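Visitor: Give me coordinates for this.
(one chain, ligands or ions: 1)
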Amino acid sequence: NAMLSWQRTAYHFQPQKNWMNDPNGPLYHKGWYHLFYQYNPDSAIWGNITWGHAVSKDLIHWLYLPFAMVPDQWYDINGVWTGSATILPDGQIMMLYTGDTDDYVQVQNLAYPANLSDPLLLDWVKFKGNPVLVPPPGIGVKDFRDPTTAWTGPQNGQWLLTIGSKIGKTGVALVYETSNFTSFKLLDGVLHAVPGTGMWECVDFYPVSTKKTNGLDTSYNGPGVKHVLKASLDDNKQDHYAIGTYDLGKNKWTPDNPELDCGIGLRLDYGKYYASKTFYDPKKERRVLWGWIGETDSESADLQKGWASVQSIPRTVLYDKKTGTHLLQWPVEEIESLRVGDPTVKQVDLQPGSIELLRVDSAAELDIEASFEVDKVALQGIIEADHVGFSCSTSGGAASRGILGPFGVIVIADQTLSELTPVYFYISKGADGRAETHFCADQTRSSEAPGVGKQVYGSSVPVLDGEKHSMRLLVDHSIVESFAQGGRTVITSRIYPTKAVNGAARLFVFNNATGASVTASVKIWSLESANIQSFPLQDL
Ligand code: DQQ
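Guide: Reported below is the predicted structural model:
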């Protein structure tokens, strides 16, 4: 449907057509980044799940390859579901994935490349002895899926990995040990469990350095390391993470802060984002995070437009040394290769209730860095009077004015502001009586189309002494990825503009606070489209 073609993105990864969901088995091999993904070859809604496959030299430009795996065995005939890669010290690649069997039982299967010397890893072999794991006693046959990358255990040659499940309404991460990836033993206890959180999908578990700025290989452990546990909550389709300490010998992970436990505290992304997965990139010594950005429109609309979902721009993940409570997520540096020329640099004084047009040209594909300085006197004097208990999601969006917010940018807007997506800060009084900053993305007016998501997304974000309020935005037609305070709080918006499209899109800055002026410093780059195409057939 040509009418909806502008919603396709210019530099996010998406298949040529049909349905996609979770990122699977990301890895780096012989100069290529590999992305596999849950894919329906036949339709723009979920089903017939197959592993799509694409490769890239830089995580930005992609070549589509033939499917890596299709549902063709009794143990995965109802779907080749989500899995993860483990690279052994000798270079072998063990791909463990969930199969939905002919009986709708969730089992774990092993696959490996037929030919490791092929940089493209075109052919995948399913192990003859599959399935390698079936649901253990006490675990529902439909509650056992998404094995993680394995890490080395306490004994030589021993590997450990975790698989998400639930027991009653308690989300759990089961741990298995193996030495050969074909036979496994369930360890006593669980890595972690959180009552009331339901089924844990796509668990991710990895170390972060508390001292250095590089990422860590999954098996890395020792002093100066904390471990991140992430669960994708099936009940509310949210990715929650917590930072904690991992006791390898005791098979236990403990959150640093019980208030910020998985399913309770922090989310990786407060917008439309789910089933994320990290991998260690040995080329650049970083941990890279992928996430699935789904649709908020109807299935019939997706069928009509012929495709559904994109993948986020890969993000580096680091421990935030300054807060000690948050991760920092940031778009991989390679995205900057799409920047066209020098940025437009603007400094704008914004009085209460003001808005200024910043960009007319190619405002549908932008990389924006913006920082805001709030009038200090206003901040100190008025915070006492401002209300407590603000939250983005229950607020009225950017049109609701407070003394110290909202202020920020407006993306994917048309000239008359009949469609607009404001991304902004809002300072309110926290429960402790001090200023508390919220970072929100307001989709209430993003689209004049009916039947699409119109929530206000967001959360509070720590703004430390001496820090400005800062944000980075990647704007790509129908996707906006927004990062506050260096990536402490992230919001992905999937929007459906009908007027603010292509050349009609505009960029504004605004300050809708009633009691403070704000100085905005903004850098704006146009972004080129990424090259995402089929691998040239003659080279296969
Ligand atoms: N998607 C896969 C499952 C996983 C879910 C099926 C999460 O393996 O639990 O497509 O989105």
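Visitor: Output the lowest-mean-pLDDT helix or strand in the chain as PDB, nothing but the C-alphas.
Guide: The element with the least model confidence among the helices and strands of the chain, by mean pLDDT, DSSP states H and E, is helix 376-382, at a mean of 81. Once non-C-alpha atoms are left out, helix 376-382 reads as follows in PDB (Å, rounded to 0.1, in the frame of the first residue of the first chain):
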ATOM      1  CA  LYS A 376      18.300  28.600  38.400                       C
ATOM      2  CA  VAL A 377      16.300  31.100  40.400                       C
ATOM      3  CA  ALA A 378      13.100  29.700  39.100                       C
ATOM      4  CA  LEU A 379      14.300  26.200  39.900                       C
ATOM      5  CA  GLN A 380      15.200  27.000  43.500                       C
ATOM      6  CA  GLY A 381      12.300  29.200  44.300                       C
ATOM      7  CA  ILE A 382       9.400  27.500  42.700                       C
END
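Visitor: ok, and the closest non-adjacent residue to residue 208?
Guide: Ranked by Cβ to Cβ, 6 or more residues apart in numbering and with sequence neighbours excluded, the top spatial neighbour of residue 208 is residue 319, at 4.0 Å. Every residue, glycine included, has its C-beta placed from N, CA and C.
Visitor: repeat for residue 427
Guide: Leaving out its chain neighbours, residue 427 is closest to residue 404 (Cβ to Cβ, 6+ apart), at 3.8 Å.
Visitor: pLDDT wise, what is that neighbour at?
Guide: Per-residue confidence for residue 404 comes out at a pLDDT of 93.
Visitor: about what we covered before: correct me, but the residue nearest to residue 208 touches residue 287?
Guide: No - contact criterion Cβ atoms under 8 Å: residue 319 and residue 287 do not qualify, at 10.1 Å.
Visitor: where do the contact lists of the two overlap?
Guide: With contacts defined as Cβ atoms under 8 Å, 6 or more residues apart in numbering, the residues adjacent to both residue 319 and residue 287 are residue 208.
Visitor: remind me which residues of this protein are low pLDDT?
Guide: Per-residue confidence of the chain (counting by pLDDT under 70) places the weak regions at 1-4, 384-387, 537-540.
Visitor: rerun that using 50 as the cut-off
Guide: Applying pLDDT under 50 to the predicted model, the residue ranges of the chain that meet it are 1-2.
Visitor: and it, which residues reach the ligand?
Guide: Within the chain, the positions lying close to the ligand (Cβ under 6 Å from any ligand atom) are 21-22, 38, 49, 81-82, 98, 145-146, 201-202, 275.
Visitor: Dump these into a markdown table; add distance to residue 419 and secondary structure as well.
Guide: Written out in a markdown table, the entries for the residues of the chain next to the ligand read as follows (distance: Cβ to Cβ, whole Å; DSSP: H, G, I helix; E, B strand; the rest coil):
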| residue | distance to residue 419 | secondary structure |
| --- | --- | --- |
| 21 | 27 | strand |
| 22 | 30 | strand |
| 38 | 31 | strand |
| 49 | 34 | coil |
| 81 | 37 | strand |
| 82 | 35 | strand |
| 98 | 40 | strand |
| 145 | 39 | strand |
| 146 | 37 | coil |
| 201 | 33 | strand |
| 202 | 33 | strand |
| 275 | 29 | strand |
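Visitor: Enumerate every residue touching the residue nearest to residue 427.
Guide: Going by Cβ under 8 Å, 6+ apart, residue 404 touches 374, 378-379, 382-383, 386, 426-428, 435, 513, 515-516.
Visitor: neighbours around the nearest residue in space to residue 27 that is not next to it in sequence, how many?
Guide: On the basis of Cβ to Cβ, 6+ apart, the spatially nearest residue to residue 27 that is not a chain neighbour turns out to be residue 85, at 4.4 Å. Close neighbours of residue 85, defined as other Cβ atoms under 10 Å, add up to 25.
Visitor: before we move on, what about residue 303?
Guide: The number of residues packed near residue 303 is 15, by other Cβ under 10 Å.
Visitor: My guess is it contacts residue 47. True?
Guide: No - with contacts counted by Cβ under 8 Å, residue 303 stays clear of residue 47, the gap being 11.9 Å.
Visitor: Between the two ends of stretch 290-310, what distance do you get?
Guide: In stretch 290-310, first residue to last residue: 11 Å (Cα to Cα, to the nearest Å).
Visitor: List the buried residues for whatever helix or strand residue 372 lives in?
Guide: Applying DSSP states H and E as the criterion places residue 372 in strand 365-374. When neighbours are counted by 16 or more other Cβ atoms under 10 Å, the buried residues of strand 365-374 are found to be 365-370, 372, 374.
Visitor: what does stretch 344-359 give?
Guide: For stretch 344-359, the buried set under the neighbour-count rule, 16+ other Cβ under 10 Å, comprises 344, 348, 350, 352, 354-356, 358-359.
Visitor: Not counting it itself, show me its contacts.
Guide: Counting contacts by Cβ under 8 Å, 6+ apart, the residues outside stretch 344-359 that touch it are 366, 401, 407, 409-410, 506-525.
Visitor: Of those, grab the buried ones for PyMOL.
Guide: For the buried members of the contacts of stretch 344-359, the matching PyMOL selection, counting by 16+ other Cβ under 10 Å, is:
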select buried, resi 366+407+409+410+506+507+508+509+510+511+512+513+515+516+517+518+519+520+521+522+524+525
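Visitor: Sitting in strands, which of the contacts of stretch 344-359 do you find?
Guide: Using DSSP state E, 366, 407, 409-410, 506-511, 518-525 are the members of these that sit in strands.
Visitor: Test my guess that the residue nearest to residue 27 contacts residue 280.
Guide: No - using Cβ under 8 Å, residue 85 is not in contact with residue 280, being 10.3 Å away.
Visitor: so where do the helices sit in the chain?
Guide: Assignment of helices within the chain using DSSP state H yields the ranges 299-305, 376-382.
Visitor: hey, which of the ones you listed is tucked in deepest?
Guide: Mean neighbour count, computed with mean count of other Cβ atoms under 10 Å, is highest for helix 299-305 among these, reaching a mean of 16.
Visitor: Please state the offset of that helix from the chain centre?
Guide: How far helix 299-305 lies from its chain's middle: 24 Å, per Cα atoms, centre = their mean, to the nearest Å.
Visitor: export it as PDB, just CAs?
Guide: Output of helix 299-305 as PDB, limited to C-alpha atoms (Å, rounded to 0.1, in the frame of the first residue of the first chain):
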ATOM      1  CA  GLU A 299      -3.400  -6.300  12.800                       C
ATOM      2  CA  SER A 300      -5.600  -5.400   9.900                       C
ATOM      3  CA  ALA A 301      -3.600  -2.200   9.400                       C
ATOM      4  CA  ASP A 302      -0.400  -4.200   9.500                       C
ATOM      5  CA  LEU A 303      -1.800  -6.700   6.900                       C
ATOM      6  CA  GLN A 304      -2.800  -3.700   4.800                       C
ATOM      7  CA  LYS A 305       0.600  -2.200   4.800                       C
END
